[in-house]
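> Curious how this folds, go ahead:
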Amino acid sequence: MKTSIVGWFLFFSTSVLGQDIATVRNWIKEGNIDPVYSSLENLIQKASTHEDSAAIALEYFYLCNKYTEANDHEFAINTMRRARVIYKALGEIIYVYYTMLYESNLCWHNSRLSEAVEQLNEAMDFAAQNNIKEKDPLAYHTIFSELSSVNYYLGDYQKALFYADKGLEYFLVNRTYKRFPPALFLGKGMCQMRMQNFDEAEKNFRLAWDLSDSIPELALKEDRQSAILTNFAELNYLKKNLVKAIEFQKKATESRTVQKSELDFTYYELGFYQLKANQLENAKRSFEISLTLKRRPWNALCGLARLKAIDNDLVGADSLYQEALAAIEQRARYVTGSSVAAFFESVAHVYKYAVLFYVRAGRPDRALEVVEKAKARYMSRLVSLADLRGDAGIFQDSLKIIEKKINRFYETNPDSVAVNVELYALEIEREKLLEKIHLQNPNYFQFRSTNEISTDSLQRALGETYQLVEYVVSDDSIAALVITNQSTQGVIWAFQKDSLTAMIKNAVTDNNIAIHDLNRLYRMIFQPIEPYLSKEKTLVIVLDGVLYQLPFEMLVTKSGRSYSDSRYILHDYPIVYSVSTRLFIDRLRRESKAPLNYAGFAVTTFTDLPSLKFVREQVKNAASIFGRSDYFEDDASTKDKLAVQGGEYKILELATHALVSDAEPLYSKIALWDAVDSIRSDEWLYVHEVYNLKLDADLVSLSGCRTGLGTLTSGEGFIGFNQAFSFAGAASLLMSFWPAEDEATSSVLNVFYNDLNKGFSRAEALRHAKLQYLETAHELKRSPHYWASFTLWGNPKPIRFNPSLMWLWIGFGCGFAVTLGIMIRLKRHSKPSSGR
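Take a look at the predicted model:
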């Protein structure tokens with residue numbers, strides 16, 4: 001669905017260019033792009049005519065195209081913005097509009113999806129103000145195709161369908177533009193397939209196929225038809241028709257004769273379906289063909305490893321999995337431009353199949369090593385993309401440039417990079433920069449590191465107090481690694497992913513979920529590991545995939561006639577969550593030394609989101625509980641205040657809306673007062689900005705409402721929030737899975753804060769608060785919907801608060817009185833007795 005519009009820009013100039021421009025053009029054609037930008041900047045200063053300025057702007061388009069080909073979308077975006085400035089100065093309205101569309105396309109390819117939507121909305125406003133619909137109908141209506149695509153990747157399928165239909169209204173009438181209708185119908189089919197509307201999906205795929213024959217460009221035609229056939233195959237796989245899935249996927253491999261960039265994955269998917277159908281020899285041939293194409297070798301290596309495991313060749317399978325993981329590690333070091341989240345989503349299946357293999361082979365230690373390595377690598381890349389400031393940020397910017405150059409070598413010379421002298425020099429420079437960043441910001445170095453955590457060190461950290469379960473969820477199996485101070489166990493069992501996904505969605509959206517459904521969920525995801533757990537220890541749960549949507553406390557272990565008569569996991573365990581084992585161990589060691597106890601930031605009124613009237617009293621009550629506290633309401637709850645004063649408090653409560661996105665985890669965001677005017681405001685506190693906060697907090701509480709951006713299924717949004725606040729200096733995080741009722745929220749938080757102040761551990765305080773609510777609430781409000789949404793992430797230990805000033809004065813007064821009394825008594829005893 002990602003349709004480049006760069007071709008529109010490469011044939012619009014009639015200017016006769018001088019030798020300097022010709023030289024720049026040759027540099028671009030030859031791929032020597034490093035000196036181009038500065039040369040163009042010099043030329044634009046010398047340009048004296050409209051034609052020359054327009055010609056130079058066109059060269060920025062060429063340069064942008066080269067950056068895009070190199071997957072260097074950040075540089076491409078900056079180059080496109082420069083072209084827009086020139087066209088705007090020249091009054092070239094149409095070209096200004098083109099640059100806006102192109103920039104949105106680049107943001108999208110860089111998985112900055114919210115920015116892409118904002119840019120497209122801005123372009124629509126610009127088009128309306130400047131009559132673009134009449135001046136260039138094609139460019140105007142193309143925006144609907146872009147909006148449909150972006151919303152699909154954000155998981156908003158209804159909106160994606162709406163914009164696809166808007167585009168089709170024009171392109172089905174104006175049949176001159178033959179490449180657009182097939183793409184739009186394909187997009188509609190993909191949306192319907194994700195929404196489980198299989199008949200509608202098939203209908204749209206067929207319409208896309210029928211129209212694809214009329215696409216004049218052979219390469220584009222093959223690409224579109226291969227995509228349609230691949231989606232037909234996936235549709236039949238989801239419908240449990242493997243014969244049809246294999247048939248369509250074979251046709252997809254045969255359809256690519258010119259455009260072969262995706263052929264390796266097309267063959268891998270064919271092998272995947274053949275393996276599912278137990279056609280093992282055919283699957284082997286497909287995987288081997290995929291491997292010879294070299295583009296993404298880890299997929300084929302994973303497939304071949306699975307076949308070795310089926311043949312009970314454990315040594316061969318282990319070797320192939322190691323080779324696959326090494327290939328991912330090499331590529332992951334220099335992922336730039338395209339989304340880190342998208343890359344790791346595309347390779348997640350390799351890690352998961354490897355974990356399942358090692359658990360089945362009786363090697364849980366190795367399984368833990370693999371899954372934690374994957375998460376460490378992913379979180380390392382998130383930190384590298386965060387917008388750090390200060391000296392560390394300057395070094396980080398230099399590091400990004402070097403890593404982009406290194407990535408170009410891997411993209412253009414995959415077989416010769418090992419002996420490239422220039423590459424070696426860049427690697428040395430990269431290591432020196434990492435050392436400088438380490439000195440400026442040790443956290444950066446720590447989070448960039450992917451050093452393994454040993455089972456022995458993990459068991460020592462857990463001690464007698466904690467037990468840890470790390471889940472790995474694949475398409476048809478769940479693996480759980482159960483780790484205590486005494487043992488490491490691997491447990492694996494089969495499940496139906498579609499059924500589990502539907503049950504979890506029902507559990508978190510139905511206010512009156514049936515008790516027996518919560519018991520079914522318990523039996524499906526928790527009961528298999530319970531024999532290995534102790535009810536005397538705090539339970540640490542490391543989630544994966546669809547499980548990120550579900551608070552385990554709400555699962556029913558024993559059904560009763562009502563919610564209050566039922567027994568929940570909540571009754572048996574204090575629970576804390578983590579996005580990785582390694583991050584939990586790091587946060588477990590942290591303790592705040594902040595001088596003040598609590599600060600609440602309460603935002604009550606919004607333009608585009610529901611009001612939160614209850615949060616004002618909530619933060620006031622919390623401040624009165626802890627003493628040595630502050631609270632800030634509405635226009636006092638700003639990003640600047642948080643940045644300046646946030647490091648002074650042991651507990652920070654952000655009682656406002658938080659929007660969590662899996663599609664772009666660094667663009668999940670929190671609404672402070674600056675952002676109340678618009679959901680699109682630049683003044684939101686984004687996750688990538690949280691990295692720059694200097695906190696020293698035992699707990700950050702996001703106690704307003706959590707609203708999902710798109711479909712939250714894979715957990716990247718939670719990973720982003722947790723890592724960012726941990727990097728900024730927070731030992732634990734309290735988050736809400738869904739917006740709960742005001743009264744219930746206040747009740748749970750009030751008990752939670754009081755128990756923290758009494759010395760309860762964070763995990764036990766939250767458990768007690770939920771149990772007390774369950775015991776005392778009205779029967780009609782005892783559903784888990786009211787009490788289960790808040791979850792604790794990170795350090796579960798008690799918080800050592802600073803005594804309030806009142807108690808310090810009382811203590812001082814008592815101490816002074818005692819001292820004075822002792823002195824008086826001593827003085828009396830020291831007087832000489834009078835003799836008689």
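> Let me see the domain layout of this structure.
Following automatic domain parsing, one gets these domains for the chain: 1-127, 136-200, 217-290, 296-452, 469-583, 803-836.
> which one of those lies closest to residue 726?
domain 469-583 (6.3 Å; CB to CB). Placement of C-beta: from N, CA and C, glycine included.
> so where's the chain shaky on pLDDT?
Counting by pLDDT under 70, the ranges of the chain that qualify are 1-18, 71, 110-111, 258-261, 333-342, 379-452, 661-667, 674-683, 704-718, 804-836.
> got the residue ranges for the helices in the stretch 201-350 of the chain?
Using DSSP state H, counting those that start in this stretch, the helices found in the stretch 201-350 of the chain span residues 218-238, 242-254, 263-276, 280-292, 297-310, 314-332, 340-360.
> As TSV, the ones you listed with mean neighbour count and distance to residue 138 would be great.
Conversion of the helices of the stretch 201-350 of the chain to TSV gives the following (neighbours: other CB atoms under 10 Å; distance: least, CB to CB, whole Å):
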stretch	mean neighbour count	distance to residue 138
helix 218-238	21	16
helix 242-254	19	30
helix 263-276	23	31
helix 280-292	18	38
helix 297-310	23	37
helix 314-332	18	37
helix 340-360	21	29
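> Just send these back as TSV, with distance to residue 502 too.
Formatted as TSV, the helices of the stretch 201-350 of the chain follow (distance: least, CB to CB, whole Å):
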stretch	distance to residue 502
helix 218-238	13
helix 242-254	22
helix 263-276	21
helix 280-292	29
helix 297-310	27
helix 314-332	31
helix 340-360	21
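> Relative to residue 621, which of the domains of the chain is closest?
Here domain 803-836 is closest among the domains of the chain (CB to CB), at 15.2 Å.
> ok, back up a step: and residue 211, which of the domains of the chain is closest to it?
In terms of CB to CB, the element of the domains of the chain nearest to residue 211 is domain 136-200, at 4.6 Å.
> Now the terminal residues of the closest one, how far apart.
End-to-end distance for domain 136-200: 33 Å, by CA to CA, to the nearest Å.
> before we move on, what about stretch 673-693?
With CA to CA, one end of stretch 673-693 sits 17 Å from the other.
> quick one on the thing from earlier: which one of the domains of the chain lies nearest to residue 605?
Closest approach to residue 605 among these (CB to CB): domain 1-127, 22.5 Å.
> circling back: of the helices of the stretch 201-350 of the chain, give the one that comes closest to residue 543.
Using CB to CB, the helices of the stretch 201-350 of the chain put helix 340-360 closest to residue 543, at 13.8 Å.
> Against which helices or strands is the closest one packed?
Helix 340-360 sits against helix 297-310, helix 314-332, helix 364-385, strand 466-473, strand 477-483, strand 488-494, with contacts defined as 3 or more CB pairs under 8 Å, 6 or more residues apart in numbering; DSSP states H and E.
> now these in JSON lines, with distance to residue 577?
What follows is these, written out as JSON lines (distance: least, CB to CB, whole Å):
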{"stretch": "helix 297-310", "distance to residue 577": "29"}
{"stretch": "helix 314-332", "distance to residue 577": "25"}
{"stretch": "helix 364-385", "distance to residue 577": "14"}
{"stretch": "strand 466-473", "distance to residue 577": "10"}
{"stretch": "strand 477-483", "distance to residue 577": "14"}
{"stretch": "strand 488-494", "distance to residue 577": "19"}
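> To residue 749, which of these lies closest?
strand 466-473 (24.4 Å).
> Please name every helix or strand in contact with that closest one.
Using 3+ CB pairs under 8 Å, 6+ apart: strand 466-473 touches helix 340-360, helix 364-385, strand 477-483, strand 538-542, helix 581-588.
> Just give the number of residues close to residue 22.
Other residues near residue 22 come to 10 when the count uses other CB atoms under 10 Å.
> so which of the helices of the stretch 201-350 of the chain gets nearest residue 615?
helix 340-360 (30.5 Å).
> what's the angle from that closest one to helix 297-310?
Angle of helix 340-360 versus helix 297-310, following axes from the mean of the first three to the mean of the last three CA atoms, to 10 degrees, is 20 degrees.
> does residue 99 really touch residue 81, like I thought?
Yes: using CB atoms under 8 Å, residue 99 is in contact with residue 81, at 7.5 Å.
> could you redo the domains of the chain as CSV and give each row distance to residue 797?
Shown next, in CSV, are the domains of the chain (distance: least, CB to CB, whole Å):
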stretch, distance to residue 797
domain 1-127, 36
domain 136-200, 36
domain 217-290, 45
domain 296-452, 20
domain 469-583, 9
domain 803-836, 19
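> Now do the same contact list for residue 756.
651, 699, 762, 765, 798-799 (CB atoms under 8 Å, 6 or more residues apart in numbering).
> can we see that at 6 Å?
The contact partners of residue 756, by CB atoms under 6 Å, 6 or more residues apart in numbering, come to 765, 799.
> Kindly format the C-alpha coordinates of the one helix or strand it maps to as PDB.
Using DSSP states H and E, residue 756 maps to helix 742-758. Provided in PDB are the C-alpha atoms of helix 742-758 (Å, rounded to 0.1, in the frame of the first residue of the first chain):
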ATOM      1  CA  ASP A 742     -14.100   8.200  38.300                       C
ATOM      2  CA  GLU A 743     -15.300   7.000  41.700                       C
ATOM      3  CA  ALA A 744     -13.700   3.600  41.400                       C
ATOM      4  CA  THR A 745     -10.400   5.200  40.300                       C
ATOM      5  CA  SER A 746     -10.400   7.600  43.300                       C
ATOM      6  CA  SER A 747     -11.300   4.800  45.700                       C
ATOM      7  CA  VAL A 748      -8.500   2.400  44.500                       C
ATOM      8  CA  LEU A 749      -5.900   5.200  44.400                       C
ATOM      9  CA  ASN A 750      -6.800   6.600  47.800                       C
ATOM     10  CA  VAL A 751      -6.200   3.200  49.500                       C
ATOM     11  CA  PHE A 752      -3.100   2.600  47.400                       C
ATOM     12  CA  TYR A 753      -1.500   5.800  48.400                       C
ATOM     13  CA  ASN A 754      -2.500   5.400  52.100                       C
ATOM     14  CA  ASP A 755      -0.900   1.900  52.100                       C
ATOM     15  CA  LEU A 756       2.200   3.200  50.500                       C
ATOM     16  CA  ASN A 757       2.500   5.800  53.200                       C
ATOM     17  CA  LYS A 758       2.100   3.000  55.800                       C
END
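> so how far is that helix from its chain's centroid?
Distance of helix 742-758 from the chain centroid (CA atoms, centre = their mean, to the nearest Å) equals 29 Å.
> got it, and stretch 613-623?
On CA atoms, centre = their mean, the centre of stretch 613-623 falls 30 Å from that of its chain.
> list the buried ones in it?
The neighbour-count check on stretch 613-623 (16 or more other CB atoms under 10 Å) flags 614-616, 618-619, 621-623 as buried.
> Let me have the residues you listed in JSON lines, extended by secondary structure and distance to residue 606.
Formatted as JSON lines, the buried residues of stretch 613-623 follow (DSSP: H, G, I helix; E, B strand; the rest coil; distance: CB to CB, whole Å):
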{"residue": "614", "secondary structure": "coil", "distance to residue 606": "14"}
{"residue": "615", "secondary structure": "helix", "distance to residue 606": "12"}
{"residue": "616", "secondary structure": "helix", "distance to residue 606": "14"}
{"residue": "618", "secondary structure": "helix", "distance to residue 606": "16"}
{"residue": "619", "secondary structure": "helix", "distance to residue 606": "17"}
{"residue": "621", "secondary structure": "helix", "distance to residue 606": "22"}
{"residue": "622", "secondary structure": "helix", "distance to residue 606": "21"}
{"residue": "623", "secondary structure": "helix", "distance to residue 606": "23"}
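> Tell me which two in those are the farthest apart.
Maximum distance among the buried residues of stretch 613-623 (CB to CB): 15.2 Å, for 614 and 623.
> between the helices of the stretch 201-350 of the chain, which gets nearest to residue 73?
helix 340-360 (11.8 Å).
> does the nearest residue to residue 102 once chain neighbours are set aside sit in a helix or strand, and which one?
Nearest residue to residue 102 in three dimensions, chain neighbours excluded: residue 80, at 5.4 Å (CB to CB, 6 or more residues apart in numbering). Assigned by DSSP H and E, residue 80 belongs to helix 73-90.
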